[in-house]
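> sequence unknown, structure follows:
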């Protein structure tokens, strides 16, 4: 498996972790019977649980964009130092974003910087398609 596809796979693993965290936060807030129900009533999440849910939604959006750019580039046989670097930057930035977001760290706009670092990683891959 290429480095780029490995980064996409690990991004999926991060997404799974964030979804599990969000689901567990809902069960902790609403109780186990709610967790086994149809969940017609949305969980009233606060604190880290609410941040975990927002983070997983943000990561899902970004992973879809990353995959939509990476997969055609990869299937075209394009793999070079720039695509590898872009994929590594994307994953590292998304891990940092998740930790900063869920922990509630607001220092110096670090979450925003991590977000844009991930976008830059994706753009580095996109540029290689042209």
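Noted; the coordinates are in hand. Note that the structure is a prediction, hence the values are computed from the model and not measured.
> excluding its backbone neighbours, what's nearest residue 104?
residue 51 (6.1 Å; CB to CB, 6 or more residues apart in numbering). The way it works is simple: take the backbone N, C-alpha and C, and place the C-beta from them, glycine included.
> sorry, wrong one. I was asking about residue 65.
residue 122 (6.3 Å).
> quick one: residues contacting the one you found.
By CB atoms under 8 Å, 6 or more residues apart in numbering, the contact set of residue 122 is 62, 65-66, 69-70, 86, 90.
> hmm, what's the outermost residue in the chain?
Distance from the C-alpha centroid of the chain peaks at residue 33, with 28.9 Å (CA atoms, centre = their mean).
> mind listing what that residue touches?
Contacts of residue 33 (CB under 8 Å, 6+ apart): none.
> distance of it relative to residue 27?
Residue 33 is 10 Å from residue 27, where distance means CB to CB, to the nearest Å.
> which of the helices and strands in the protein ranks last by mean pLDDT?
Scoring the helices and strands of the chain by mean pLDDT, DSSP states H and E places helix 32-36 at the bottom, with a mean of 77.
> buried residues, the helix or strand hosting the residue nearest to residue 104. List them.
In this structure, residue 51 sits in helix 47-75 according to DSSP states H and E. Going by neighbour count (16 or more other CB atoms under 10 Å), the buried part of helix 47-75 is 48-53, 55-56, 58-59, 62-63, 66-67, 69-70, 73-74.
> likewise stretch 84-95?
Buried-residue list, stretch 84-95, by 16+ other CB under 10 Å: 84, 86-91, 93-95.
> and if you look at stretch 31-49?
43, 45, 48-49.
> any chance of the buried residues of stretch 84-95 in a markdown table, with distance to residue 22, pLDDT and secondary structure too?
Below are the buried residues of stretch 84-95 laid out as a markdown table (distance: CB to CB, whole Å; pLDDT from 0 to 100; DSSP: H, G, I helix; E, B strand; the rest coil):
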| residue | distance to residue 22 | pLDDT | secondary structure |
| --- | --- | --- | --- |
| 84 | 31 | 98 | helix |
| 86 | 28 | 98 | helix |
| 87 | 25 | 98 | helix |
| 88 | 26 | 98 | helix |
| 89 | 25 | 98 | helix |
| 90 | 21 | 98 | helix |
| 91 | 20 | 98 | helix |
| 93 | 20 | 98 | helix |
| 94 | 16 | 98 | helix |
| 95 | 17 | 98 | helix |
